[in-house]
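Asks: Coordinates for the following, if possible.
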Amino acid sequence: MAPVLRIPAPMKVLAFRPRSSPSTSRERLNFPLLAPGAYAGRARFQPKHADRLPEALRAAVGRVVEVAFAGMESTTGPFAGQALFLEWRSDDVFAGFFIPEQDLEFLKDASEPHA
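Replies: Next up is the predicted model:
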């Protein structure tokens, strides 16, 4: 006979909700959906965990950079469902790294690229 588990206090049972997959729908995007390589605007690089970044990106924290849309991360990638960006016309600040939307704070005056 199996042992019986006796619980002295009342227990609350939480309802099970299956995890939802990260969404890549247009409704939740913070910017218009762009073609890969299109100018996306000016943004301040504000990562939450700067101490975990490579040295090249640590030096860029707080800087305002013109960025281009690079594409959407896959649902299984480290930034699942997020838009990824690259530095516009240069690799001087981000050293070629893709930057997820969670680490960028887009500025309102972002309209046209500077020549």
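Asks: Roughly how far does Gly77 sit from Glu101?
Replies: 13 Å (Cβ to Cβ, to the nearest Å). In short, each C-beta sits where N, CA and C put it, glycine included.
Asks: ugh, typo on my part, it should be Tyr39
Replies: 15 Å.
Asks: Between these two, which has more neighbouring residues?
Replies: Glu101 (22 against 17; other Cβ atoms under 10 Å).
Asks: Skipping its backbone neighbours, what lies nearest the more buried one in space?
Replies: Leaving aside its sequence neighbours, Glu101 sits nearest to Ala83 (Cβ to Cβ, 6 or more residues apart in numbering; 4.4 Å).
Asks: correct me, but that neighbour touches Gln102?
Replies: No: contact criterion Cβ atoms under 8 Å: Ala83 and Gln102 do not qualify, at 9.5 Å.
Asks: More neighbours: the two, which one.
Replies: Per other Cβ under 10 Å, whichever of Ala83 and Gln102 has more neighbours is Ala83, with 23 against 11.
Asks: where does this structure dip in pLDDT?
Replies: The model of the chain has pLDDT under 70 over residues 1-2, 5, 7, 9, 11-33, 109-115.
Asks: For Pro36, which non-adjacent residue is spatially closest?
Replies: Nearest residue to Pro36 in three dimensions, chain neighbours excluded: Gly71, at 4.9 Å (Cβ to Cβ, 6+ apart).
Asks: Having no further points to raise, I will conclude here.
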